[in-house]
Structure formats: C-alpha cells, structure tokens
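> fold the following, please.
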Amino acid sequence: FAFFWLPMLIPMTLGLIAPYMIYRQKQFMVENNSFGKTNFKFFANSKDYYQLCLRGAGIIILAGIGSFAMFGLLGPLLQGVGSNAGAAMSLFALLVPGFFVLCYLFVAVYFYVRLTNLTWDNTRLGRHRFRSSLKLMEVFWIFFSNGVAIMFSFGLLMPWATIRLTEYRLKNLTMIVDGSLDEFEAFNRPDV
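Numbering: from 1, shown residues only. Purely as a prediction, here's the structure:
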C-alpha cells in the first residue's frame, strides 16, 4: 500500500498526498523490524510530515525569490559593462546553473536531515528511545564535498563517500536506554 498505491495517487492529488505517503513508508520500515522478540514502534504522525514538507516548500519559495532577485540585480549590471559584455555573460552563464545546483542540493539535504531526525526521534525499541542529531550545514558540507570528490575521481571515491556519510550518521545516532540493556538483550536472545 505505502510503496505501490500511495505513489500512484500523487498525480491525482497534485502531490498533496506525498507527505502522508512518506509517513506511511517510514512507519512500514520501522514497524517491520525487530530486535529478537521486541518489535520497533513508530510514534510519529502524518501531521509531523506535513509540517516538514510545508517548511521545505517555504525554503523552495525563498530560493525562487532569491534567484529572481539575483537575476534582477545582475541583469542591469551586465548591460552597463559595455565592451566586456562577453566576459560578463560567460560569468553569468556559470553562476546561474551553479546557483540552482546549490539551491537544489540545499533543499535535498534539508529534507534528508529533517526526515532522518524525525524518523529516529519517533522510533522506540521496547522502552528504549533513539535520538538523531544530524545538523543541516554539516550534512550539506559532506554531500557537497563527497560530490566533488566523486566527480574528480571519476567515481572511484564513491565507497569512501558512502562510508564517510554513514560514519557521520552513526556518530549522531544515540540510543536512550531505559533500564538494563543486559536484561533486554537476555530477553531477546533466542532459546538454545
């Protein structure tokens, strides 16, 4: 349902069902895992995902306004350069796609960080909780620098980039223990 039928409804609902779909997919992924006899539980609700998507849409709108403002400021400047118009247009042709790539990367990283934190912060394993503390600018730098490294190594540094991101994610994931982990592990140990 969450991975087949809900995505098919996105065009018919003009994308309004997308946050609910993401919520159901995360719920499915968390609640269909267990540690021994103890199932993971998911305590977020669809409202949390709608709020996240609204904030993301706000960032996209602000980026659009910023790009129009940048073009509005650069346009008159380029007209006044006279004989150096060719060099200025070449610079402009490099800045515009670069700006859009950075905006796209920023919004993608924003969703990645917020979805990861929201999902883990609402995941429980028995009485134990999790806390994800990914930071937007740190993940943005990791994605950006990994992308540059992969591009200039013709893809050879992709395993390094994957390990680097995974290491950061694991360093920022904490299990908040309620009770004894030894008792919890003993309860979940399979019978011999």
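
> and the helices in the chain?
In the chain, the helices defined using DSSP state H lie at 5-9, 18-31, 46-79, 85-121, 136-152, 158-171, 181-188.

> just give me the lowest mean pLDDT stretch among those.
In terms of average pLDDT, helix 181-188 trails the rest of these, at a mean of 69.

> what about the residue most central in space within the chain, distance to M151?
For the chain, the residue sitting closest to the mean C-alpha position, by Cα atoms, centre = their mean, is Y112 at 0.6 Å. Using Cβ to Cβ, to the nearest Å, Y112 is found at 19 Å from M151. Quick note: C-beta positions are derived from backbone N, CA and C, even for glycine.

> next one: S180
Distance from S180 to M151, by Cβ to Cβ: 49 Å.

> now L181
From L181 to M151 the distance is 43 Å (Cβ to Cβ).

> check L95 too.
Distance, L95 to M151, using Cβ to Cβ: 19 Å.

> touching, E138 and L165? I think so.
No: using Cβ atoms under 8 Å, E138 is not in contact with L165; the gap is 10.8 Å.

> with distance to F130 added, can I get the helices of the chain in JSON lines?
As requested, these are exported to JSON lines (distance: least, Cβ to Cβ, whole Å):
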{"stretch": "helix 5-9", "distance to F130": "25"}
{"stretch": "helix 18-31", "distance to F130": "10"}
{"stretch": "helix 46-79", "distance to F130": "15"}
{"stretch": "helix 85-121", "distance to F130": "5"}
{"stretch": "helix 136-152", "distance to F130": "18"}
{"stretch": "helix 158-171", "distance to F130": "12"}
{"stretch": "helix 181-188", "distance to F130": "14"}
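
> nearest to N39, of those helices?
Comparison of the helices of the chain against N39 by Cβ to Cβ identifies helix 18-31 as nearest, at 6.7 Å.

> which outside residues touch stretch 135-148?
105-106, 108-110, 112-113, 157, 161, 164-165, 168, 172 (Cβ atoms under 8 Å, 6 or more residues apart in numbering).

> can you tell me which of those is nearest G66?
For the contacts of stretch 135-148, the nearest to G66 is F106 (10.9 Å; Cβ to Cβ).

> wait, that closest one touches I60, no?
No: the criterion here is Cβ under 8 Å, and F106 misses it with I60 at 9.8 Å.

> neighbour-wise, which of the two wins?
F106 (17 against 14; other Cβ atoms under 10 Å).

> please report how far the nearest residue to the more buried one once chain neighbours are set aside lies from L102.
Leaving out its chain neighbours, the residue that sits closest to F106 by Cβ to Cβ, 6 or more residues apart in numbering is F140, at 6.3 Å. Here F140 is placed at a distance of 9 Å from L102 (Cβ to Cβ).
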